[in-house]
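A.B. asks: please find the sequence and the predicted model below.
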Amino acid sequence: MQQLSDEELVARYRAEGGPWVNELFGRYHRRVAIWCYRFTGDRDSAADLAQEVFLRAYRSLEAFRGDSKFSTWLYTIARNHCLNEMKARASRPEQNSELLELEIADGATNVLRELEREESMQSMRDLIAETLDETETQVMVLHFGEEIKLDAITRLLGLTNASGARAYVVSAKRKLAAAVTRWNAREQRGRR
Amino acid sequence: MNAFQRTSECLEIDELVGVLDGADEQHKRRVESHIAGCAHCRTELALFRGFESAVVRPEEQRDVDAIVASLRKRSPAAPEPWWKSTWWKSIWKPRLLMPAGLATAAAMIAIMIGIQHRPGQLPISGDEQVMRSSKVTVVSPVGDQTESARRLEWRAVSGTAGYRVSILEVDRTELWSTMVQQTNASVPAAVVQKMAPLKTLFWNVQALDSSGSVIAESGLTRFRVMPR
């Protein structure tokens, strides 16, 4: 059984049912456990979340067509389920203040609003690519693009500095604010 | 919309991962050219690599081991008993419990009165029956068997996405369970060995819909293997 590929195990399970699916899912217990733990930071809720991921996978197994590898398919389920669950928790009144706090902490310059207001989103993306290092980029994408909480991002990316993802947001916003100012000045010179 | 969010040009994870899996050169060039300028897709790829590598950091080790142990116990193919499941625990919140408790108490009284007026109808007979709105009809094994029950069989229920089958001891301890799509299940050899002569066992089959809800159930069916 251990020599069979994931996709062969899916085929056996469809034909015969039974233990094949346990072997298949058992191969991914650790990966999903790590993933969910990094999202929640808490053993019990991560165990529940991981269980839900496997239940979703189990119920959708008939829909797995083998167009992608099983590991990619399961990752997509785990990723989407954890993101949705975290967004649902963040929308609860007691947990919704993190983004707002960061906006206030940043002072008068609201860099993100500046980025949203610009007509050319592609120019902004170029600016991000030129200005931010890879970790800053990932932190900003996960927090402002995917709305993942900072402590979860710290765990997901394995950041070991004292204030974790928060420090990267602060440095990224400073860099972007300076870059946007320079960019605006260039644009104004160009219009004259 | 901000510049960090996914756009319509962003690639699906399958396409991004194709680069890692050794896709053809043309696909590889297209993906690499996109991710070079796309912060979102680069981040997605980094997350996927983190998932695939499955490296546990020392500070995570204990908790991850505990989660893995809990997953082994709660395999979807052998779901945990309903009274331990997460959704059920949430019902026991006081604000939900109070009205539900009153309604349940009223319903229980009505049912008890109904049962009192049905002399002779016992909840457990030779083949234990459970009152259900829809019932799964079992085929075999039922009652005394001349051979070990290596296979459980029942009639199909329409609208079913899968069946959960279980074998239980007389004290209702679950001996084995599995999930199947077809209307029969093979019993593993290790479980068959536990079917000692004259030892009474029960089995039960639940028909589940695509959301995992029970839409029909057989009720406990008694069987035992007779000595040769």
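C.D. replies: Right, received. Where do you want to start?
A.B. asks: quick check: A:Phe25 is in a strand.
C.D. replies: No. Assessed with DSSP: H, G, I helix; E, B strand; the rest coil, A:Phe25 is helix; it does not lie in a strand.
A.B. asks: ok, how many other residues are close to it?
C.D. replies: 24 (other Cβ atoms under 10 Å in any protein chain shown). (Glycine included, C-beta is placed from N, CA and C.)
A.B. asks: measure it to A:Arg38 for me?
C.D. replies: Distance, A:Phe25 to A:Arg38, by Cβ to Cβ, to the nearest Å: 19 Å.
A.B. asks: lowest confidence element among the helices and strands of chain A?
C.D. replies: helix A:98-105 (a mean of 44; mean pLDDT, DSSP states H and E).
A.B. asks: need the contact list for the residue nearest in space to the middle of chain A.
C.D. replies: For chain A, A:Leu142 is the residue whose C-alpha lies nearest the centre (Cα atoms, centre = their mean; 4.9 Å). Applying Cβ atoms under 8 Å, 6 or more residues apart in numbering or on different chains, one finds that A:Leu142 lies in contact with A:Ile148, A:Ile153, A:Leu156, A:Leu157, A:Ala165, B:Thr43.
A.B. asks: one more time with 10 Å, if that's ok
C.D. replies: A:83, A:148-150, A:152-153, A:156-157, A:165, B:4, B:40, B:43-44, B:46-47 (Cβ atoms under 10 Å, 6 or more residues apart in numbering or on different chains).
A.B. asks: quick check: it is in a helix.
C.D. replies: Yes. Counting by three-state DSSP, A:Leu142 falls inside a helix.
A.B. asks: could you measure from it over to B:Gly50?
C.D. replies: 12 Å.
A.B. asks: which residues are in contact with both of these two?
C.D. replies: Common neighbours of A:Leu142 and B:Gly50 (Cβ under 10 Å, 6+ apart) are A:Leu156, A:Leu157.
A.B. asks: looking at this, B:Phe202 is in a strand?
C.D. replies: Yes. Counting by three-state DSSP, B:Phe202 is found in a strand.
A.B. asks: who is it paired with across the strands?
C.D. replies: B:Leu168, B:Arg222 (DSSP bridges).
A.B. asks: that one contacts B:Glu169, correct?
C.D. replies: Yes. Assessed by Cβ atoms under 10 Å, B:Phe202 is found in contact with B:Glu169 at 7.8 Å.
A.B. asks: what's the neighbour count on B:Val191?
C.D. replies: Neighbours of B:Val191 (other Cβ under 10 Å): 18.
A.B. asks: residue contacts, it?
C.D. replies: Contacts of B:Val191 by Cβ under 10 Å, 6+ apart are B:Ser148, B:Ala149, B:Arg150, B:Ile167, B:Leu175, B:Trp176, B:Ser177, B:Thr178, B:Leu201.
A.B. asks: out of these, flag the one nearest to chain A.
C.D. replies: B:Thr178 (5.6 Å; Cβ to the nearest Cβ).
A.B. asks: which helix or strand contains the closest one?
C.D. replies: Secondary-structure assignment from DSSP states H and E places B:Thr178 in strand B:174-180.
A.B. asks: ok, B:Val55 next?
C.D. replies: Using DSSP H and E, no helix or strand contains B:Val55.
A.B. asks: skipping its backbone neighbours, what lies nearest it in space?
C.D. replies: A:Ile34 (8.0 Å; Cβ to Cβ, 6 or more residues apart in numbering or on different chains).
A.B. asks: what's the neighbour count on that neighbour?
C.D. replies: 26.
A.B. asks: CA atoms of the helix or strand hosting B:Gly18 as CSV?
C.D. replies: Using DSSP H and E, B:Gly18 sits in helix B:13-20. Extracted in CSV, the C-alpha atoms of helix B:13-20 (Å, rounded to 0.1, in the frame of the first residue of the first chain):
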residue,chain,number,x,y,z
ILE,B,13,-2.1,27.2,-7.9
ASP,B,14,-2.0,24.2,-10.4
GLU,B,15,-0.3,26.3,-13.0
LEU,B,16,2.2,27.8,-10.4
VAL,B,17,3.0,24.4,-9.1
GLY,B,18,3.6,23.2,-12.6
VAL,B,19,6.9,25.0,-12.5
LEU,B,20,8.0,23.0,-9.5
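A.B. asks: hey, where'd the strands end up in chain B?
C.D. replies: B:138-140, B:143-145, B:151-154, B:162-168, B:174-180, B:184-186, B:201-208, B:214-217, B:221-225 (DSSP state E).
A.B. asks: any low-confidence regions in the chain?
C.D. replies: In the absence of a named chain, chain A is used. A:1-2, A:90-120, A:192 (pLDDT under 70).
A.B. asks: wait, chain B was what I had in mind.
C.D. replies: If you take pLDDT under 70 as the line, chain B has these spans: B:1, B:19-23, B:75-133, B:171-173, B:211.
A.B. asks: try it again at 90.
C.D. replies: Within chain B, the segments meeting pLDDT under 90 span B:1-38, B:53-55, B:72-135, B:142-149, B:157-182, B:186, B:188-202, B:206-228.
A.B. asks: domains of chain B?
C.D. replies: B:13-113, B:124-225 (automatic domain parsing).
A.B. asks: apart from its chain neighbours, what residue comes closest to A:Arg125?
C.D. replies: B:Ala3 (5.3 Å).
A.B. asks: actually A:Leu83, sorry about that
C.D. replies: A:Glu146 (6.2 Å).
A.B. asks: against chain A, how distant is the nearest residue to B:Pro197 once chain neighbours are set aside?
C.D. replies: In space, and not counting its chain neighbours, B:Pro197 is closest to B:Pro227: 4.1 Å by Cβ to Cβ, 6+ apart. Using Cβ to the nearest Cβ, to the nearest Å, one gets 29 Å for the distance from B:Pro227 to chain A.
A.B. asks: any idea where the helices of chain A begin and end?
C.D. replies: Remark: helices assigned in chain A by DSSP state H are A:6-16, A:20-26, A:29-40, A:43-60, A:70-90, A:98-105, A:111-117, A:121-131, A:134-140, A:150-156, A:165-191.
A.B. asks: can you say which of the ones you listed is nearest to B:Asp24?
C.D. replies: With Cβ to Cβ, the closest approach to B:Asp24 among these belongs to helix A:70-90: 17.2 Å.
A.B. asks: packing partners for that closest one?
C.D. replies: helix A:6-16, helix A:20-26, helix A:29-40, helix A:43-60, helix A:150-156, helix B:13-20, helix B:39-53 (3 or more Cβ pairs under 10 Å, 6 or more residues apart in numbering or on different chains; DSSP states H and E).
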